[in-house]
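Trainee: Compute the structure for the input listed below.
(2 chains)
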Amino acid sequence: MYSAQRFQNQWLPAAVLGLTLVISQAGQLQQNDFDGTDFQKKIQPILTEYCSDCHADGMNKGNIALDEFKSHQQMLADKKLWLGVLKNVRAGLMPPEKKEKPSEEEKQALEQWIKRTVFQLDPAQPDPGRVTLRRLNRVEYRNTIRELMDYDFKAFEEFPPDDTGYGFDNIGDVLTVSPLLLEKYVQAAETIVGKAVPLQPRVVKERVVPGREIKATEGEGNAERFRFKRAVTFTKQFKVEQSGRYRVTLDAIVDGSFDFDTAKALVRYSVDGKERFAREFKWEENLKVPDQFEVDWEAGEHTLMLQVEPLAESTKEHTFVEFRVGSVNVQGPLDPKFWSATRNYDRFFTRAEPPVELEQQHAYAREVLHRFAEKAFRRPVDERTVERLQKLAAEIYTQPGKRFEEGISRAMVAVLASPRFLFRTEEPLNGEAAVSEVDEYALASRLSYFIWSTMPDNELLELARKGELRKNLPGQLKRMLADRRSEEMVENFTGQWLQIRDVEGVAINPRVVLRREGVRERFEFDHDLRTAMRRETEMYFGHIVKEDRSVLELLSSDYTFLNERLAKHYKIEGVQGHEMRKVQLPPENPRGGVLTHGAVLAVTSNPTRTSPVKRGLFVLENIMGTPTPPPPPDVPELEEAGKEFKDREPTLREMLELHRSQPLCRSCHNRMDPLGLALENFNALGMYREMERNAAIDTTGQLATGEQFTSIRDLKLILASDRKTDFYRCLTEKFLTYALGRGLEYYDVETVDQIVARLEKGGGKFSELMAGVIESAPFQKRRNVSGVNTAAVTNNQ
Amino acid sequence: MSQQADGKMSTLRAANLSRRRFLRGLGACMALPAMESVLTSALQAAGPAVASTPGGAPVRMAYVYFPNGAHQSHWWPTGEGANFEFAKTMQPLAGLKNRVQVIGGLDHIHATAGQDGAGDHARANGTFLTGVRVKKTAGGDIHAGVSIDQVVAEKVGHLTRFPSLELTCDAVRKSGNCDSGYSCAYQHNLSWRSPTVPMAPEPNPRFVFERLFGAGEIGERRKNIQMRQAQQRSILDFVLEDARSLQKQLASRDKQKLDEYLTSVRELEKQIEQAEKFKDTPDPAVQTPEGIPGNFEEHMRLMYSMMVLAFQTDSTRIATFLLAGDGNNRAFPHINIPEGHHYLSHHQNKADMMEKVAEIDLWYMKQFAWFLQKMEETKDLDGRSLLENSMIVYGCGNSDGNRHTHVNLPIVLAGGGGGLLKPGRFVKAGGVPMSNLLLSLADRMGAKGLERFGDSTGRFELI
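Mentor: Predicted coordinates for the structure are as follows:
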């Protein structure tokens, strides 16, 4: 065979060919196949047989040529190429559909060769790689502050958005710090400490009466919001324990919707029958209506009252002009002798009062700050740091007129601005080894930021301190997943993996979308519906986590999560009320599985219509794990293709077919379009339909690997059975990326394979995925920097 | 700090009193002893590149934005050049006619729909000082351009205690999606430090004042501001040492991450050093304003007063003031307009609604005239009025609020620019990018050598 000979010569330089063959042990591939013996015997024939038609002998389809290396070493060095080969062969995409396929054994041999010889992976010791020092992102910062300080800091409003990498916003490499962000961190630290750390051990008692507790005397309703449409009186009685002077503060606004209307009302506000105001209100945008006064009260019952008396009819059937009472705040008695322990004082301070003696203050400051810094840094703190913090505090509390707590606050600001708070620093157990497990504090943080998106709690830190966390891992994992905070993993992972975070903002024009189906009713794609959609997918994923179901149910199931609004949207009967709950789907219903979730369907649509291309790409990228490359530049818009149909409007399918007839577009769109078209029974709003523009929708198609389907129901089943390994691998890759905070590299193939094998064996149970990730080398270990014993540096500071 | 928290500090009545006192007191503090020395030293340090008047006073620049376009026929003057008459909306400027020029025929093409569809308010606001097409997104990936005030601040901002000042009367901020799929960031900010980082404007006059002059009573503020700087410094010292010791333990990629942090700390330290150079922080002889007043007019005038004070004391030379974000739907019951502004601006040519829009335009203009009058009454270092030495643009990125057009924008340019401008005219640009004007004003601030800005096609030198 002339061509095979030429092929061979180009693959291997003459020097190698001249060597006597070394026979390796029965069928085993050598990890150190430096001379290419294994390759020549076992791999090259496979490549020659199945790949060379398109990727050798001068052919280089898709810019891939397998025979143009200068040396064997150079061939082995191109890891990116071989990773591509591995992925395509595994997913059945190569060789393509009409070509002859390698046998299972041949495929295995090729896979093994790539993993062992090219990637040099050792299944017994997978390379953990190394995650770049990670800054807390906005979600993690907010949650960590909440956990540490019991303060809800609005990080999304105060901080610029985080960059994302590999589809997630917790990737160390792309989480940067700019001068502006640091300035904001310092400001935030001051704000947070100012709000959260009490400066007085005791304060005036305060009682907040929320507007919703001020109830209508007749019928339903409360003062939290009431519209100017009928006369109504709201009252609230409450008791004060002690006689004394009190301060009463009303927090209320008047607000209308965008459209003006003429509604007008007289609102009277009185306390214990004494009128505070009687004011006329009209349409306003967020007009504040404050009121504050001090009064001497006897112990016992007191009464708040608000009365509304409409003065003018609204021009509209329903007026939206409303009065909203946030709260009435009652402080007192104002005399300090009645004051009570300040909320959260004991969170930061260990004694009821700071000592008076200066030396004792210093010692107490060290104690308080040590405790705080250790928690904030999520690991032990050296003495020198404690000294420095105490000095910072003493600069303030030794000044005349300043309180001890003010000094401590100052030092706490420094802690929250420190890189040790803002970054997740990690230390190895053994800094001398090339690869080592991370220490237990680092493990505690890895676990808590992965599952809770927040800092480790006391239990985790305590186990780490005793060095018993690894020993107790299964139990801790169970506890962490059962904890309410694990909702964070569900929200942040699914929100980004399936892009459902975007459903709250996606621009869809319901009028245009529905007109394609001949529907002319008014339709609001409003906040409630968008939220219900997002919650459907979150709760669905959460259910699989909590009940430890098979992850294949993510693709296909006979249930979903709905409330009345979403059920109506899906035309499913018998669901009442606002609350989202698990609903058994009627037989033959096309829903069930994330691909049929409104959120997924909407975020993969264009503003005016569905996009089978976007949807197809979404499935390839996020379900099957085999995304197509981006389109070449200067491709014409899809709608351009429609011009070919002179006499009538083509269907979307026809346009796509025309588009696919162009060779440039075919190879990728052959994979994308059928997947997207299978979802055409769902419009851009996620509503089910059978017709579009008066034509019946055709959802038949075929995967690149040959499986045929006629509907989304078929496709879901194929994905969850024949192609389930693709899905296991894709989900594992996504989940691992999120867990590690770094993009996956070629050397992670081994780790992913081990987790996929676990899923296969364990029937796809979520717990297998979870345990697989947590126990994996990259989660447990890291590569060390050679020659630097980091632990020693810390201790000698 | 929330407004409620401010409200609690005193009863409403007392707050009103002190605000009135503040507004009155503003006249009394006009001559500040500390000011001249600050000014002279800063100017000497700056060298010849900086725009200054022949008398040695600096030139100031401000952009004031009003929302929702203008009632067209009431806005545009009649006549042309020096020979023109104000129409109804600009009547409040009658006494200052020789100090202002009205400019017609400036366009913001990037505020039009283009490929982006609905969202003219977000675009009008976002494009106004950036001259670019802002990215249509409601999510985290906002993208506009560096605004002209920040371009200038980059060049001359180091000469004053604050590179620039950003103000607004919008106290309630939404997040996420505001106008047809655009992030609220575009409507809440005029000023952009980088394409992705807006300079959030401050609505609370008290915070503006304390940032400029320090917290506390008259006479204590200088000490307080220095104490605050010292405190910030001690925090930065602490974290710097923390970062350095951490740096030693890290691998190279991690070191780069921490380098970003270290560089940022040094930047912040430089900022504080910069501020500390100005030892004689002015301490205006006025009470610190309370929080945000409930009365819109008082609020606006307080914020304008902050601008006067900042310019007068040479605390900064660059300011932007978003009176209200485009699309704002505030009602004006104090001038008998109970409907919302945005709602009315979509008047569908109904006469009564159009008249109300014109009334609102007039009200905004009255406040602007009040501000210009204050600037005119304030004497600058060189003996001229502060207004003569300033360049104040008053305008909107929407022209006709009903039709959402972005050509022939309503623009007033007030002030003499220290002799660099020729006020007292109605100038017709005849359809050139607004960015040309932005570029020409930047030149006059000493930010020379900019090749272009936003969608500029040249300079606009008819001013």
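
Trainee: got the contact list for residue 189?
Mentor: Using chain A here. For residue A:189, the contacting residues are A:412, A:413, A:414, A:416, A:417, B:235, by C-beta atoms under 8 Å, 6 or more residues apart in numbering or on different chains. From N, CA and C alone the C-beta is placed, and that goes for glycine too.

Trainee: nope, chain B
Mentor: Applying C-beta under 8 Å, 6+ apart, the residues near residue B:189 are B:125, B:126, B:166, B:198, B:199, B:200, B:201, B:322.

Trainee: If we use 7 Å, what do you get?
Mentor: B:198, B:199, B:200, B:201 (C-beta atoms under 7 Å, 6 or more residues apart in numbering or on different chains).

Trainee: same check, this time on residue B:253
Mentor: residue A:132.

Trainee: Can you give the distance of the strand or helix carrying it from its chain's centre?
Mentor: According to DSSP states H and E, residue B:253 maps onto helix B:252-277. A distance of 28 Å separates the centroid of the chain from that of helix B:252-277, by C-alpha atoms, centre = their mean, to the nearest Å.

Trainee: What's the first helix or strand after it?
Mentor: Using DSSP H and E, the first helix or strand after helix B:252-277 is helix B:296-312.

Trainee: Render the CA-only coordinates of that following helix in PDB, please.
Mentor: C-alpha atoms of helix B:296-312 as PDB (Å, rounded to 0.1, in the frame of the first residue of the first chain):
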ATOM      1  CA  PHE B 296     -37.200  68.300  45.300                       C
ATOM      2  CA  GLU B 297     -36.400  72.000  44.700                       C
ATOM      3  CA  GLU B 298     -34.400  72.300  47.900                       C
ATOM      4  CA  HIS B 299     -32.600  69.100  47.200                       C
ATOM      5  CA  MET B 300     -31.600  70.300  43.700                       C
ATOM      6  CA  ARG B 301     -30.500  73.700  45.000                       C
ATOM      7  CA  LEU B 302     -28.400  72.100  47.700                       C
ATOM      8  CA  MET B 303     -26.700  69.900  45.200                       C
ATOM      9  CA  TYR B 304     -26.100  72.900  42.900                       C
ATOM     10  CA  SER B 305     -24.700  74.700  45.900                       C
ATOM     11  CA  MET B 306     -22.200  71.800  46.400                       C
ATOM     12  CA  MET B 307     -21.000  72.400  42.900                       C
ATOM     13  CA  VAL B 308     -20.600  76.100  43.600                       C
ATOM     14  CA  LEU B 309     -18.700  75.400  46.800                       C
ATOM     15  CA  ALA B 310     -16.500  72.800  45.200                       C
ATOM     16  CA  PHE B 311     -15.600  75.100  42.300                       C
ATOM     17  CA  GLN B 312     -15.200  78.200  44.500                       C
END
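
Trainee: I'd like the next helix or strand past that helix.
Mentor: Moving toward the C-terminus from helix B:296-312, the next helix or strand (DSSP H and E) is strand B:318-322.

Trainee: So what's the residue count around the residue lying closest to residue A:96 once chain neighbours are set aside?
Mentor: Among residues not flanking residue A:96 along the chain, residue A:704 sits closest, at 7.6 Å (C-beta to C-beta, 6 or more residues apart in numbering or on different chains). Residue A:704 has 21 neighbours, counted by other C-beta atoms under 10 Å in any protein chain shown.

Trainee: same question, residue A:72
Mentor: Quick note: residue A:72 (other C-beta under 10 Å) scores 19 neighbours.

Trainee: pretty sure it contacts residue A:37?
Mentor: No - Residue A:72 is beyond contact range of residue A:37, at 10.0 Å (criterion: C-beta atoms under 7 Å).

Trainee: coming back round to it: now the helix holding residue B:253: average pLDDT?
Mentor: Mean pLDDT, helix B:252-277: 84.

Trainee: For it, buried residues please.
Mentor: Neighbour counts using 16 or more other C-beta atoms under 10 Å in any protein chain shown place B:254-255, B:257-258, B:260-262, B:264-265, B:268, B:271, B:274-275 of helix B:252-277 among the buried residues.

Trainee: now those residues in TSV, with distance to residue A:434?
Mentor: Output for the buried residues of helix B:252-277, formatted as TSV (distance: C-beta to C-beta, whole Å):
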residue	distance to residue A:434
B:254	17
B:255	19
B:257	22
B:258	23
B:260	27
B:261	28
B:262	28
B:264	33
B:265	33
B:268	38
B:271	43
B:274	47
B:275	49
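
Trainee: near chain A, from the residues you listed?
Mentor: Checked against chain A using C-beta under 7 Å from any C-beta of the partner chain, those give the following subset in range: B:254, B:257, B:258, B:260, B:261, B:264, B:265, B:268.

Trainee: Next SSE downstream of the strand or helix carrying residue A:771?
Mentor: Applying DSSP H and E as the criterion places residue A:771 in helix A:766-775. Per DSSP H and E, the first helix or strand lying C-terminal to helix A:766-775 is helix A:777-780.
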